[in-house]
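> Sharing a model prediction with you, sequence too.
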Amino acid sequence: MSHSERPESAGAEDLHDPRRVAVWRLRSRGCWDDAAALLAPYAADDPSAALQRAVLLVERCMFTASGWAAAEEALRAAEAVVSSDDERGAAACERGHLAYAATVLGVRDRADEARAALGRAAALLAPNAPGRPLLDFRRGLIAEHIADSPQSARAAYRRAHAGATAGGDLLLCSFTWRHLAGLALRDGDLAEARHGFSESLRIREELGYLIGTAPALAALADAEPEPEATRLRAEAARLVRLLGGVPTWLAAQLAAEPAA
């Protein structure tokens, strides 16, 4: 799987809440444990805090291919405190994404669990629920990387993109831009791929989503000619080193590429 296709966690952030601002700053730099620790005192009886803690620890799995037990524990804790259908749907969506990650990262085949959990989320979330665009995006990931159905994936990503745009979820927009661009690249449409990858990178830089910037740079490099492609990969490698070798899959991929 190329770096333009790696699974990543997306979600909306309320950056007007001081606690969430602090969590976001840690998350954006890959300090998931520290961010989760800020939420831990509230997670026992606050569904929002419990769900966000699960999101953080699932995202750590995506970027480091480690921490699976902690993510499972956080999900079980969230599932124990949620009460509304929207909250239950969000928890199911996160469980499906964790199972998907374990599958595509080669940890364990949990594809059936991923499909079932996302199906539960779809049944629980109302058509206009805030979590619906993220669910659409994750169903697109299943379609593309497990079912190998790029057309279904494109339709799901487009629904997710429209919903994220309407809801002002810029981080999710960065992911939908990126994955739509990946499909364009797969089809040989370099102009569309460059546009999508560039938009994804722009949003991540504007949001300060540092942990996601190196993958965006490497993805754009796939659609650019030389010498720009080499420059972008070098910048991606610098950021990966700065962040201690995370994302681990990208560190390995960049190390395997011949030096320019």
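Great, that's in hand.
> how about the host helix or strand of residue 217 as PDB, C-alpha atoms only?
Using DSSP states H and E, residue 217 falls within helix 213-221. In PDB, the C-alpha atoms belonging to helix 213-221 read as follows (Å, rounded to 0.1, in the frame of the first residue of the first chain):
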ATOM      1  CA  THR A 213       2.100  16.600   7.500                       C
ATOM      2  CA  ALA A 214       4.800  14.100   6.500                       C
ATOM      3  CA  PRO A 215       2.300  11.700   4.900                       C
ATOM      4  CA  ALA A 216       0.800  14.600   3.000                       C
ATOM      5  CA  LEU A 217       4.200  15.600   1.700                       C
ATOM      6  CA  ALA A 218       5.000  12.100   0.700                       C
ATOM      7  CA  ALA A 219       1.700  11.600  -1.000                       C
ATOM      8  CA  LEU A 220       2.100  14.800  -3.000                       C
ATOM      9  CA  ALA A 221       5.600  13.700  -4.100                       C
END
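> Phi and psi next, for residue 29.
When read as degrees, to the nearest 10, the backbone of residue 29 gives phi -110, psi 10.
> Show me the contact partners of the helix holding residue 217.
3-4, 6, 8, 174, 178, 181-182, 194, 197-198, 200-201, 204-205, 228-230, 232-233, 235-237, 239-240, 243, 247, 250, 253-254 (Cβ atoms under 8 Å, 6 or more residues apart in numbering). Just so you know, the C-beta spots here come from the backbone N, C-alpha and C atoms, and that holds for glycine as well.
> Only the buried subset of those residues, as a PyMOL command please.
Listed next is the PyMOL selection for buried residues among the contacts of helix 213-221, using 16 or more other Cβ atoms under 10 Å:
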select buried, resi 3+4+6+8+174+178+181+182+194+197+198+200+201+204+229+232+233+235+236+237+239+240+243+247+250+253+254
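> List the ones among the contacts of helix 213-221 that fall in strands.
Among the contacts of helix 213-221, no residue falls in strands (DSSP state E).
> For residue 183, give its distance to residue 144.
7 Å (Cβ to Cβ, to the nearest Å).
> what does residue 58 give?
19 Å.
> quick one: residue 245 and residue 254 touch, right?
No: with contact defined as Cβ atoms under 8 Å, residue 245 does not count as touching residue 254 (10.3 Å).
> how about residue 106, secondary structure?
At residue 106 the chain is in coil, as set by DSSP: H, G, I helix; E, B strand; the rest coil.
> how big is the angle separating the helix or strand bottoming out on mean pLDDT in the chain from helix 213-221?
Here the helix or strand of the chain ranked lowest by mean pLDDT, DSSP states H and E is helix 248-256, holding a mean of 91. Using axes from the mean of the first three to the mean of the last three Cα atoms, to 10 degrees, the direction of helix 248-256 lies 50 degrees away from that of helix 213-221.
> now helix 248-256: how far from the chain's centre is it?
18 Å (Cα atoms, centre = their mean, to the nearest Å).
> What of stretch 202-218?
12 Å.
> All further residue positions should be reported with the first residue as 607.
Okay, using 607 as the starting number, the last item reads as stretch 808-824.
> Start and end of that stretch, how far apart?
13 Å (Cα to Cα, to the nearest Å).
> One more: stretch 816-833?
This stretch, stretch 816-833, spans 24 Å end to end (Cα to Cα).
> which strands and helices sit next to the least confident helix or strand of the chain?
When contacts are defined as 3 or more Cβ pairs under 8 Å, 6 or more residues apart in numbering; DSSP states H and E, helix 854-862 sits against helix 819-827, helix 834-848.
> hey, where'd the helices end up in the chain?
624-634, 638-649, 653-670, 674-687, 691-710, 717-730, 738-751, 756-773, 776-792, 796-813, 819-827, 834-848, 854-862 (DSSP state H).
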